[in-house]
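K.L.:
sharing a model prediction with you, sequence too.
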Amino acid sequence: MAKILGRTPKEINDRCGELGYGERQLPDAGGFEEEDILLLSEGLDARGPWLHWGRTPSLKHVLRAARATGRSPQESGERLTLLGHEVHVPPVLDVRGSDLLEAMPQLGKSMDIAEILAVASRTGRSPAEVAARLREPGIEVPDLAHPTRRPAPTPPRLS
């Protein structure tokens, strides 16, 4: 909002306090960067809606932010942390994992075999590849002998 109004975050925070909305403790981000407005927007388009204050953005958001800014996921996570959000990015997570995360309906700490098969189908990877890639950032997957064969392409539907 500060960038849009041409004000400093402190001026906006002070004005919100004057209007009765309360003042927040502003994060010490070492100044604000041009890309901050992009990182803080839910759609990564520098427009509202915005990430909720102090909440943890999803790994999908961090990966998308890394792709949009050209930063590593770890750098994007560090910047979001400096901007007041709790972000924990696994050290092995990189942008190449974004296709798997994009294909996942919900990102949690564990996935069952049905979710692994669905992601394999959506990405064209084998279930073994999907399981191995999901283990890298610490997502728990069933300890099974996952098939190494890729799913057959879906034939076009006739109308």
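P.N.:
Right, received. Where do you want to start?
K.L.:
just checking, which helix or strand of this structure averages the lowest pLDDT?
P.N.:
Here the helix or strand of the chain ranked lowest by mean pLDDT, DSSP states H and E is helix 98-103, holding a mean of 65.
K.L.:
for the helix or strand following that one, which helices and strands make contact with it?
P.N.:
Once helix 98-103 ends, the next helix or strand along the chain (criterion: DSSP states H and E) is helix 113-123. Counting contacts by 3 or more CB pairs under 8 Å, 6 or more residues apart in numbering; DSSP states H and E, helix 113-123 packs against helix 98-103, helix 127-135. Backbone N, C-alpha and C define where each C-beta goes, glycine included.
K.L.:
any idea of the mean pLDDT in helix 113-123?
P.N.:
Mean pLDDT, computed over helix 113-123, is 85.
K.L.:
list the buried residues of stretch 64-71.
P.N.:
Within stretch 64-71, the residues that count as buried by 16 or more other CB atoms under 10 Å are Arg64, Ala65, Ala66, Ala68, Thr69, Arg71.
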